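> what shape does this take:
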Amino acid sequence: MESKQPAIKVGFLISYDYKYVKEALPLVYPFADYIAFAIDKDRKTWSGNNFILPESFFDWVREYDVDNKIHIYEDSFYVSELSSIECDVRERNMLSSYMGLDGWHIFVDSDEYFLDFENFVKYIKSLNANIPTQIYAGLITLFQKDDNGYFVINTHETYPVATNNPRYVGCRLSENFEISLYTNFKVLHQSWARDNDEIKQKLSNWGHKTDFDVEAYYNFWKAINKQTYRYVRSFHPLDPWLWPSLEYFEAKDIQELTRKVKDFLQEKENAKNREDNIRLKDIIPPILYKLKARLKKK
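Down below sits the predicted model:
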């Protein structure tokens, strides 16, 4: 008898940037078994600030959820005695318990767009689900946007995106896992590519808001445009070397940007494969020649 595959469970943390989930959800919905939205019942952020979630959002969820996969989990996720990061970890653990600790847990925040979730699900289903495992994906962060496109951070940043041991100790990092797997799957992160007011709100509620000069960084962010972005170097607010430079993609919206980034990554992969094939052609003939000479000598 064939054993049942572990469930694919996707958790979204819904807050002031709820509108972006309308772009993120369609990328994962067809391939997930279970989806949960965690929403603070008092409409508080991790910093204790208030946010508004209109009833029209819930109307949209009910209309979109044709397969009855989405579960709304409302609870008190803000605790005044805890830091923003501690509230982050606490909410992820509470949501994991709500979803049930079995299966594969995948956290995708409202403003994160998984570029190839279908094949990611196929990949994790091929793994041994009995071994506690942490899976990493590449994070492609958007830093700014203008009327014609997006400024994208040129880096190879990775972060933990899935686990079958959903007991979190540091944001999405789980504890007591035996295997860490680093994959080539990518997640596009809206992150900083927002309107001015949204960035102010993000910075005032961000878990790392006390770790750097928020006002100075906000002014730097506002100065990014098509004339200045080429000269930006090492600009991550916490670890500058993590973000070496910026690239620009012309795109009218996230859907077009997603397609262009996927094509860009595929072309890079094709170019790498072509280069590897050329190297093999250069290496193999000399090896065969030496082997043939050695056999002949013997």
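> number of nearby residues for Phe185?
The number of residues packed near Phe185 is 19, by other C-beta atoms under 10 Å. Glycine gets a C-beta too; all of them are placed from N, C-alpha and C.
> may I have the phi/psi pair for it?
phi -70, psi 150 (degrees, to the nearest 10).
> that one and Asp116 touch, don't they?
Yes - between Phe185 and Asp116 there is a contact under C-beta atoms under 8 Å: 6.0 Å.
> can you map out the helices along the stretch 101-250 of the chain?
For the stretch 101-250 of the chain, applying DSSP state H, counting those that start in this stretch gives helices covering 117-125, 196-205, 214-222.
> now those in JSON lines, with distance to Tyr18 and mean pLDDT?
JSON lines is the format used below for these (distance: least, C-beta to C-beta, whole Å; pLDDT from 0 to 100):
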{"stretch": "helix 117-125", "distance to Tyr18": "20", "mean pLDDT": "96"}
{"stretch": "helix 196-205", "distance to Tyr18": "12", "mean pLDDT": "82"}
{"stretch": "helix 214-222", "distance to Tyr18": "22", "mean pLDDT": "91"}
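> let me see the domain layout of the protein.
What automatic domain parsing lists as the domains of the chain is 8-138+153-189, 252-298.
> deepest of these, which one?
domain 8-138+153-189 (a mean of 17; mean count of other C-beta atoms under 10 Å).
> how near is Trp46 to Thr210?
Distance of Trp46 to Thr210, computed by C-beta to C-beta, to the nearest Å: 12 Å.
> Trp192 touches Trp221, doesn't it?
Yes - using C-beta under 8 Å, Trp192 is in contact with Trp221, at 6.4 Å.
> intersection of neighbour lists for those two?
Common neighbours of Trp192 and Trp221, using C-beta atoms under 8 Å, 6 or more residues apart in numbering, are 143-144, 199.
> of all the domains of the chain, which one is nearest Ser234?
Shortest distance between Ser234 and the domains of the chain, using C-beta to C-beta, is found for domain 8-138+153-189: 10.5 Å.
> could you pull out the strands in the stretch 51-200 of the chain for me?
Ranges of strands in the stretch 51-200 of the chain, per DSSP state E, counting those that start in this stretch, are 70-75, 104-107, 112-114, 133-145, 149-154, 157-163, 168-170, 173-174, 179-189.
> of those strands, which is nearest Lys41?
The closest of these to Lys41 is strand 70-75. By C-beta to C-beta, the value is 4.1 Å.
> could you tell me the least trusted of the domains of the chain?
Lowest mean pLDDT within the domains of the chain: domain 252-298, a mean of 73.
> which residue is nearest the middle of this protein?
Computing the C-alpha centroid of the chain and ranking residues by C-alpha atoms, centre = their mean puts Val187 first, at 4.2 Å.
> what's the distance between the closest residue to Lys145 other than its chain neighbours and His156?
Take Lys145 and drop its neighbours on the chain: the residue closest to it by C-beta to C-beta, 6 or more residues apart in numbering is Ala193, 4.4 Å away. Computed with C-beta to C-beta, the distance linking Ala193 and His156 is 19 Å.
> same deal with Val28?
23 Å.
> can you check Glu55 too?
Remark: distance between Glu55 and His156 (C-beta to C-beta) = 41 Å.
> what of Lys262?
Distance from Lys262 to His156, counting by C-beta to C-beta: 17 Å.
> likewise for Phe117?
20 Å.
> mind putting the domains of the chain in JSON lines, distance to Ser204 included?
Formatted as JSON lines, these follow (distance: least, C-beta to C-beta, whole Å):
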{"stretch": "domain 8-138+153-189", "distance to Ser204": "7"}
{"stretch": "domain 252-298", "distance to Ser204": "24"}
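> of those domains, which is nearest Phe235?
Each of those has some distance to Phe235 by C-beta to C-beta; the shortest is domain 8-138+153-189, at 8.5 Å.
> gap between the two ends of that closest one?
21 Å (C-alpha to C-alpha, to the nearest Å).
> please shift the residue numbers so they start at 360 in all later answers.
Okay, using 360 as the starting number, the last item reads as domain 367-497+512-548.
> how far does that domain sit from its chain's centre?
Relative to the chain's own centre, domain 367-497+512-548 is displaced by 9 Å; criterion: C-alpha atoms, centre = their mean, to the nearest Å.
> same thing with stretch 589-604?
Between the centre of stretch 589-604 and the centre of its chain there are 19 Å (C-alpha atoms, centre = their mean).
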